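**Q** please find the sequence and the predicted model below.
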Amino acid sequence: MEHLELAIPTLFGLEGLCADELRRLGLSDVRAENGRVLCAARPADIPRVNLNLRTGERALVLLGSFPAGDFDALFEGVRALPWEDFLPRDAAFPVKGHCLNSALHAVPACQSIVKKAVAARLGAKYGLEQLPETGSLYQIQFAIMKDTASLYLDTTGAGLHKRGYRAVGVVAPLRETLAAAMVMLSKYRGRDPFCDPFCGSGTIAIEAALIAKNRAPGLDRSFSAQKWGFVPASAWMEAADEAMDKEFDGEYDIWGGDIDPKAVAIARSNAEKAGVEDLVRFEVADALSFHREAPYGKIVTNPPYGERIMEKKEAEDLYRGFGKAFRSLPDGWTLSLLSSHTEFERTFGRNADRKRKLYNGMLKCDLFLYGKRGAQHEKKR
Ligand SMILES: C[S@@+](CC[C@H](N)C(=O)[O-])C[C@H]1O[C@@H](n2cnc3c(N)ncnc32)[C@H](O)[C@@H]1O
């Protein structure tokens, strides 16, 4: 089992960033597809991927794919996979999955066939009629697409976006993986002043701080595969040591503002939980009067869209006012702003230099990218 294949699901639009992250971690045969990235890995890479990835949703071991046009083919295909190489005799192995464009489309029926086939295989290998399922969790996932079944083991558990720092019950928070992606797309490297004037629970500023100091986002949480026999316990320690060795100490100018004092209090407490409270300042502030004297800096932000928090018209007034504030900044400021509002550019008062399609959950958004104004003039000349 030295050679495994990992599948990393991502939010749509983040596949390329996630593939780059995997390459930087030294994984080979990295392939970005629609909504996921595949790569070759050794068992010892499982801790490294889980601890370090900022933009992937989870790490799945792909056990195999085969044609599954009917229940018999599904049962036999699942039973033929070497489950005993991965699951011990007491493994708990719940099954979940989905079907798309396939003859097999009833998920609960497929779930129970997969469960029976794995139980049949393990029962025969371990000489047990009844499997106890009292041990560690090995979540099985299946996907049946265009009559091909793929079977996975979920190494992660709670999604990788759950870094462990965010309070529950916040209105309209941004997924941590998407916030990290926005910071990466802004090309923030920890040098420039960094601001999020609509910071809410502080996710973007906190992810910026983690990126600035190169802190692995998974160091404060646990993963399903920590209890798995085929991933050596020493590999988790080594991956954590390796990640901590890569951390920088430094001074960063990272700021988040929000008009709502409750949001600011939550953001401060989240930053404390993430261990970056000394790197990020949060303040109650109106984005419409956002101003800075510094000649350059980066704004990465996610204002209300007019879908969930406030009405469309109010969102437009906000964009108009924030557009004015942005234009009054020195020329070296750049802006990366996520919105699903179709009239964003018009109300903001300037067309973006570039746009990138991203999904905030199921909501289709654009990341509007505004470069340095000086640089834009230079380009035009
Ligand atoms: C979509 S939420 C941001 C969510 C945030 N990215 C997070 O992860 O929690 C938008 C935020 O803008 C804030 N807001 C609305 N009007 C504002 C204004 N004029 N100035 C500053 N913040 C404002 C709201 O209070 C809300 O917290």
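**A** That came through fine. Numbers count the residues shown, from 1 in each chain.

**Q** near the ligand, which residues of this protein? Just list them.
**A** Neighbours of the ligand within the chain, by CB under 6 Å from any ligand atom: 170, 172-174, 197-198, 200-201, 203-204, 257-260, 263, 286-288, 302-304, 318. For glycine as for every other residue, the C-beta is placed from the backbone atoms N, C-alpha and C.

**Q** quick one, strands of this structure?
**A** Shown for the chain, the strands assigned by DSSP state E span residues 4-9, 28-33, 36-41, 60-67, 95-100, 140-145, 148-154, 194-196, 254-258, 280-284, 296-301, 332-339, 354-360, 363-370.

**Q** give me the angle between the fifth one and strand 148-154.
**A** This points to strand 95-100. 150 degrees (axes from the mean of the first three to the mean of the last three CA atoms, to 10 degrees).

**Q** what average pLDDT does strand 95-100 get?
**A** Mean pLDDT, computed over strand 95-100, is 97.

**Q** who does that strand touch, helix- and strand-wise?
**A** Contacts defined by 3 or more CB pairs under 8 Å, 6 or more residues apart in numbering; DSSP states H and E place strand 95-100 against helix 107-126, strand 140-145.

**Q** re earlier: now the residues of the chain next to the ligand: which count as buried?
**A** Burial by neighbour count, judged by 16 or more other CB atoms under 10 Å, picks out 170, 173-174, 197-198, 200-201, 203-204, 257-258, 263, 287, 302-304, 318 from those.

**Q** return the most buried member of the helices and strands packed on strand 95-100.
**A** Of all those, strand 140-145 carries the top mean neighbour count, a mean of 21, counting by mean count of other CB atoms under 10 Å.

**Q** what's that one packed up against?
**A** strand 95-100, helix 107-126, strand 148-154.

**Q** what lines up beside the first one in the sheet?
**A** Using DSSP bridges, the strands paired with strand 95-100 are strand 140-145 (parallel).

**Q** then the last one?
**A** According to DSSP bridges, strand 148-154 has the following sheet partners: strand 60-67 (antiparallel), strand 140-145 (antiparallel).

**Q** out of these, nearest to residue 351?
**A** Using CB to CB as the measure, strand 140-145 is the one of the strands paired with strand 148-154 that comes nearest residue 351, at 38.2 Å.

**Q** contacts for the closest one next, please.
**A** 60, 68, 74, 78, 93-102, 104, 110-111, 114-115, 118, 149-154 (CB atoms under 8 Å, 6 or more residues apart in numbering).

**Q** thinking again about what came up before, now the strands of the chain in JSON lines, with distance to residue 83?
**A** Output for those, formatted as JSON lines (distance: least, CB to CB, whole Å):
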{"stretch": "strand 4-9", "distance to residue 83": "14"}
{"stretch": "strand 28-33", "distance to residue 83": "24"}
{"stretch": "strand 36-41", "distance to residue 83": "19"}
{"stretch": "strand 60-67", "distance to residue 83": "8"}
{"stretch": "strand 95-100", "distance to residue 83": "12"}
{"stretch": "strand 140-145", "distance to residue 83": "9"}
{"stretch": "strand 148-154", "distance to residue 83": "9"}
{"stretch": "strand 194-196", "distance to residue 83": "46"}
{"stretch": "strand 254-258", "distance to residue 83": "47"}
{"stretch": "strand 280-284", "distance to residue 83": "45"}
{"stretch": "strand 296-301", "distance to residue 83": "44"}
{"stretch": "strand 332-339", "distance to residue 83": "42"}
{"stretch": "strand 354-360", "distance to residue 83": "34"}
{"stretch": "strand 363-370", "distance to residue 83": "38"}
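
**Q** low-scoring stretches of this protein, by residue?
**A** 1, 168-172, 307-310, 374-381 (pLDDT under 70).

**Q** let's see 90
**A** 1-2, 164, 166-173, 248-250, 305-314, 342-343, 360-363, 372-381 (pLDDT under 90).

**Q** centroid-nearest residue for it?
**A** residue 177 (2.8 Å; CA atoms, centre = their mean).

**Q** residue 338 versus that one, what's the distance?
**A** 13 Å (CB to CB, to the nearest Å).

**Q** JSON lines for the helices and strands packed on strand 95-100, including distance to residue 133?
**A** Formatted as JSON lines, the helices and strands packed on strand 95-100 follow (distance: least, CB to CB, whole Å):
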{"stretch": "helix 107-126", "distance to residue 133": "9"}
{"stretch": "strand 140-145", "distance to residue 133": "12"}
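
**Q** redo the helices and strands packed on strand 140-145 as a markdown table? Include distance to residue 275.
**A** Shown next, in a markdown table, are those (distance: least, CB to CB, whole Å):
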| stretch | distance to residue 275 |
| --- | --- |
| strand 95-100 | 33 |
| helix 107-126 | 40 |
| strand 148-154 | 27 |
